[in-house]
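A.B. asks: give me the fold of what follows.
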Amino acid sequence: MEITDLTPAERRVLDAFPLGGGVDFREADDEDPAQGASWGPERTLRAEVLRELLLDGPVREGRIAGLKVTGARITGKLNLMYGTVGHSVRLRSCHFEEEPNLYGARVVALILSDSVLPGLMAGNLRAEGVVRISRCRTTGPVRLQGAKLSGALFADRARLGTPDEVPEEPVLQLNHAELGTDIWAPELVTHGKVHLNGAIVRNQVNLNDAELNAPGETVLNAEVLTVGTDLHAMRLRVRGRVNLGGARIPRQLNLAYARLSNPGGQVLRASSSVIGELWLREAAPIEGAVNLRRAQFDLLHVPPEVWPGQVLIDGLSYRVLSPHLPAERRLPLLERQPDGYLPHPYEQLTAAYRTVGDDAAARTVQLAKLRRHRRTLPAYARLWGYLQDAAVGYGFRPMRAAGWLLLLLCTGTLAFALHHPPELKHAEAPAFNPFFYTLDLLLPIIDFGQEAAFAPRGWYQWLSYVLIATGWVLATTIAAGVTRSLNRQ
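C.D. replies: The predicted structure is shown next:
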């Protein structure tokens, strides 16, 4: 090192560096680094001294050198831009007066846990191990865009940004970063935007109990994010928009117990994403619109009461819905699509019920689809639709046709019992039976010999025509319904 006028505090760090030893300047374990501006020279380190140590510090054979400092006030800018640091950097519970610059640097590991910083410039950082900003507090942005970390990023219980302020620049920037394992950030609190666009996380992202605040803005922008396993965000609290468009999460996107709020705008966008399971179990009712267009899920665990008034689901595909509920509980979501009638959501819901073997619910969805489609038709077509619905439920209620047949059979039997139709051939006609005569008219296949032997006249002739026509329609409907059930089995 060229710097020779070292303070006693800096001399302690220099002596410990080649041994990989630690220097703890704290007077108590519960000290608050936010008060570091008042710390005196006995615990103050110049950033230029630390830089010289990291880039060209002394080493001792047989020992692993490293910077390990706790509870120091660091003055000046720690500038390691494009530098290669062959040692781990551990600066815990420190107070930084200026933003460290590690843009394009190569480090073994970077540990800043419990420190207070104006921000961190570490874009395109290369780290062989982990980067820790656990419990850090920053007023400015943490820039890690394009970083490549062989290990994980730890940001658990970190506090980024200033409360009640939403700066223009995102407070956490991980665009196009690559992480060898996890983003571990439970209880993270941000006041400003978080960017994860194009990031690749080989294992999981953990945002359990995190709080993201950027009202009216895209608080979490994670387009085409790629996660190796899960994105856990249980009890997540969001004020703003979460954008997961095009994300790839092969296992769980777990938003159980979450609170998502962005009144007047979209709160969750996951269009064109491919996700194994989406969990919103016991989440608070979502405030804001949800966009799931063209998304693909294996399982959707979302109680109906969680969905907001507007959910865009055109092109959404899923295999299983959970919890399993009657179709009547799921249909209202399909009825309030802003684009009007869309057949695909009904077909998708039908397929989901058939996947779990609930054929009755599948028929209910198909019937609801035809009723919804009816509203888009001209008046004459709607009238015909109402007749089909009332008579046989568009063929999905075949037993209703049996009821109509029974009613017509009783009506015809009573009418022809009161007024026998005349015989066609007196000597050859069988004894008239009003019940079997009506049955002969209604059933197109069975022949009891009554219809061909008698010829009603006047009003009764028109009644016979009605019975013949409706009998054909209703009997065919029953046969089609039975055939459809057998085919599905």
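A.B. asks: which stretches of the stretch 301-450 of the chain form strands?
C.D. replies: Listed in chain order, the strands found in the stretch 301-450 of the chain under DSSP state E, counting those that start in this stretch are 311-312, 320-322.
A.B. asks: can you convert these into JSON lines and add a column each for mean pLDDT, mean neighbour count and distance to Ala34?
C.D. replies: The C-beta positions use only the backbone N, C-alpha and C, and glycine is treated the same way. Conversion of the strands of the stretch 301-450 of the chain to JSON lines gives the following (pLDDT from 0 to 100; neighbours: other CB atoms under 10 Å; distance: least, CB to CB, whole Å):
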{"stretch": "strand 311-312", "mean pLDDT": "94", "mean neighbour count": "20", "distance to Ala34": "43"}
{"stretch": "strand 320-322", "mean pLDDT": "94", "mean neighbour count": "17", "distance to Ala34": "46"}
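A.B. asks: in a markdown table, list those along with distance to Gln35.
C.D. replies: Shown next, in a markdown table, are those (distance: least, CB to CB, whole Å):
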| stretch | distance to Gln35 |
| --- | --- |
| strand 311-312 | 48 |
| strand 320-322 | 50 |
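A.B. asks: same question for stretch 474-487, mean pLDDT?
C.D. replies: In this model, stretch 474-487 has an average pLDDT of 58.
A.B. asks: picking that back up, out of the strands of the stretch 301-450 of the chain, nearest to Thr376?
C.D. replies: Comparing those against Thr376 with CB to CB, the closest turns out to be strand 311-312 (18.9 Å).
A.B. asks: residues in contact with the nearest residue to Arg92 once chain neighbours are set aside?
C.D. replies: In space, and not counting its chain neighbours, Arg92 is closest to Thr70: 4.6 Å by CB to CB, 6 or more residues apart in numbering. Contacts for Thr70 were tallied using CB atoms under 8 Å, 6 or more residues apart in numbering; they are 22-26, 92-94.
A.B. asks: bridged to Thr70, which residues?
C.D. replies: Asp24, Arg92 (DSSP bridges).
A.B. asks: how much space between it and Val130?
C.D. replies: For Thr70, the distance to Val130 equals 17 Å [CB to CB, to the nearest Å].
A.B. asks: cool, Ile445 as well?
C.D. replies: When CB to CB is the yardstick, Ile445 and Val130 sit 79 Å from each other.
A.B. asks: ok, those two, which is more surrounded?
C.D. replies: When neighbours are counted by other CB atoms under 10 Å, Ile445 and Val130 differ, and Val130 comes out ahead with 21 against 6.
A.B. asks: pull the contacting residues for that one.
C.D. replies: With contact taken as CB under 8 Å, 6+ apart, Val130 is in contact with 109-111, 149, 151-154.
A.B. asks: now Ala65
C.D. replies: Residues counted as contacts of Ala65 (CB under 8 Å, 6+ apart) are 17-20, 57-59, 87.
A.B. asks: then Ala247?
C.D. replies: Under the criterion of CB under 8 Å, 6+ apart, the neighbours of Ala247 are 222-227, 270, 273-275.
A.B. asks: His191 too?
C.D. replies: Taking CB under 8 Å, 6+ apart as the contact definition, His191 lies against 160-166, 171, 213-214.
A.B. asks: switch the cut-off to 10 Å
C.D. replies: When contacts are counted by CB atoms under 10 Å, 6 or more residues apart in numbering, His191 touches 139, 159-167, 171, 211-214, 219, 239.
A.B. asks: for the residue nearest to the spatial centre of the chain, which residues make a bridge with it?
C.D. replies: The central residue of the chain, meaning the one whose C-alpha is nearest the mean C-alpha position (CA atoms, centre = their mean), is Leu278 at 5.0 Å. Residues in a beta bridge with Leu278, per DSSP bridges, are Leu253, Leu300.
A.B. asks: can you give me the pLDDT of it?
C.D. replies: If you check Leu278, the pLDDT there is 97.
A.B. asks: OK, contacts around Tyr437?
C.D. replies: 412-413, 416-417, 420-421, 448-451, 453-454, 456, 464, 467.
A.B. asks: inside helices: which ones of those?
C.D. replies: 412-413, 416-417, 464, 467 (DSSP state H).
A.B. asks: tabulate these (a markdown table), appending pLDDT and distance to Val320.
C.D. replies: Output for the ones in helices among the contacts of Tyr437, formatted as a markdown table (pLDDT from 0 to 100; distance: CB to CB, whole Å):
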| residue | pLDDT | distance to Val320 |
| --- | --- | --- |
| Gly412 | 83 | 48 |
| Thr413 | 85 | 50 |
| Phe416 | 82 | 54 |
| Ala417 | 84 | 56 |
| Ser464 | 83 | 52 |
| Leu467 | 83 | 47 |
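A.B. asks: what's the distance between Leu441 and Asn206?
C.D. replies: Leu441 sits at a distance of 72 Å from Asn206 (criterion: CB to CB).
A.B. asks: cool, and Phe416?
C.D. replies: Noted for Phe416: a distance of 78 Å to Asn206, by CB to CB.
A.B. asks: top of the contacts of Ala247 by neighbour count?
C.D. replies: When neighbours are taken as other CB under 10 Å, the top entry among the contacts of Ala247 is Ala222 (28 neighbours).
A.B. asks: these two touch, right, that residue and Leu244?
C.D. replies: Yes - counting by CB atoms under 10 Å, Leu244 is a contact partner of Ala222 at 5.4 Å.
A.B. asks: any shared contact partners between those two?
C.D. replies: With contacts defined as CB under 10 Å, 6+ apart, the residues shared by Ala222 and Leu244 are 196, 231, 269-270, 273.
A.B. asks: what ranges does this protein have for its helices?
C.D. replies: Chain-ordered helices for the chain, with DSSP H as the definition, fall at 8-16, 47-56, 327-335, 343-355, 359-374, 379-392, 398-418, 434-442, 459-488.
A.B. asks: those: lowest mean pLDDT?
C.D. replies: Ranked on mean pLDDT, the bottom entry among these is helix 459-488, at a mean of 69.
A.B. asks: low-scoring stretches of this structure, by residue?
C.D. replies: Along the chain, the parts satisfying pLDDT under 70 run over 1-4, 391-392, 394-395, 397-400, 427, 475-489.
A.B. asks: got the contact list for Leu125?
C.D. replies: Contact analysis of Leu125 by CB under 10 Å, 6+ apart lists 80, 102-107, 110, 131, 143-149, 177.
A.B. asks: go again with 8 Å.
C.D. replies: Residues in contact with Leu125 (CB under 8 Å, 6+ apart) are 102-107, 110, 131, 144, 147-149.
A.B. asks: from those residues, which ones fall inside strands?
C.D. replies: If you go by DSSP state E, the contacts of Leu125 have 106-107, 110, 131, 148-149 in strands.
A.B. asks: thought Asn291 was touching Leu268?
C.D. replies: Yes - under the criterion of CB atoms under 8 Å, Asn291 is in contact with Leu268, at a separation of 7.1 Å.
A.B. asks: overlap in contacts of the two?
C.D. replies: Overlap between the contact sets of Asn291 and Leu268, as judged by CB under 8 Å, 6+ apart, is nil.
A.B. asks: quick one: which of the contacts of Leu125 is nearest to Arg375?
C.D. replies: Leu144 (51.8 Å).
A.B. asks: do you know how far that closest one is from Ser93?
C.D. replies: Noted for Leu144: a distance of 21 Å to Ser93, by CB to CB.
A.B. asks: before we move on, what about Ala360?
C.D. replies: Remark: distance between Ala360 and Ser93 (CB to CB) = 63 Å.
A.B. asks: who has more neighbours, those two?
C.D. replies: Applying other CB under 10 Å to Ala360 and Ser93 shows that Ser93 carries more neighbours, namely 23 against 10.
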